[in-house]
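[1] I'll drop the sequence and a predicted model, then ask my questions.
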Amino acid sequence: MAFDLCDTLRFSGVDDAWLDFVADHRMGLYCGPKYDLVFGPVANDDVYETLQLFVNGAISRSYVMERLKVKKLFNQLVFKTEKALAFIRFVRAEVVDARG
């Protein structure tokens, strides 16, 4: 339901559009449409170094794509607005004993 009622940007994988979106956000230069939800590969600590090298001009776009092809990237769903956050509902809590 949230996907139907919110402005959503979806990336099916790492491609030029994803790289531009992430790089622009990292540099504070993004000025495109505002989305409520963004779904796609997470730009986490595992790919941070590669993205920083690209943003700083040290490596090419094609090299970024080659490096990221071998990474196991997981998808994330980012709730960017109050409208999107309104769809989150608490379901339950569970105590986990970390002492094993």
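    Right, received. Where do you want to start?
[2] C-alpha from now on. contacts and neighbour counts both.
    Will do.
[3] Val64 against Tyr48, yeah?
    No. Taking CA atoms under 8 Å as the definition, Val64 is not a contact partner of Tyr48, at 11.1 Å.
[4] when these two are compared, which one has more neighbours?
    Val64 (19 against 12; other CA atoms under 10 Å).
[5] and the closest residue in space to the more buried one that isn't next to it in sequence, how far is that from Leu68?
    Spatially, and ignoring its direct neighbours in sequence, Val64 is nearest to Thr50 (6.5 Å; CA to CA, 6 or more residues apart in numbering). Separation of Thr50 from Leu68 (CA to CA, to the nearest Å): 8 Å.
[6] wait, is Asp4 part of a helix?
    Yes. Counting by DSSP: H, G, I helix; E, B strand; the rest coil, Asp4 is found in a helix.
[7] where's it relative to Phe90, distance?
    On the measure of CA to CA, Asp4 and Phe90 end up 21 Å apart.
[8] what about the residue nearest to Val64, neighbour count?
    19.
[9] next one: Ala43
    20.
[10] for it, which residues are in contact?
    Shown in contact with Ala43 (CA atoms under 8 Å, 6 or more residues apart in numbering): Val22.
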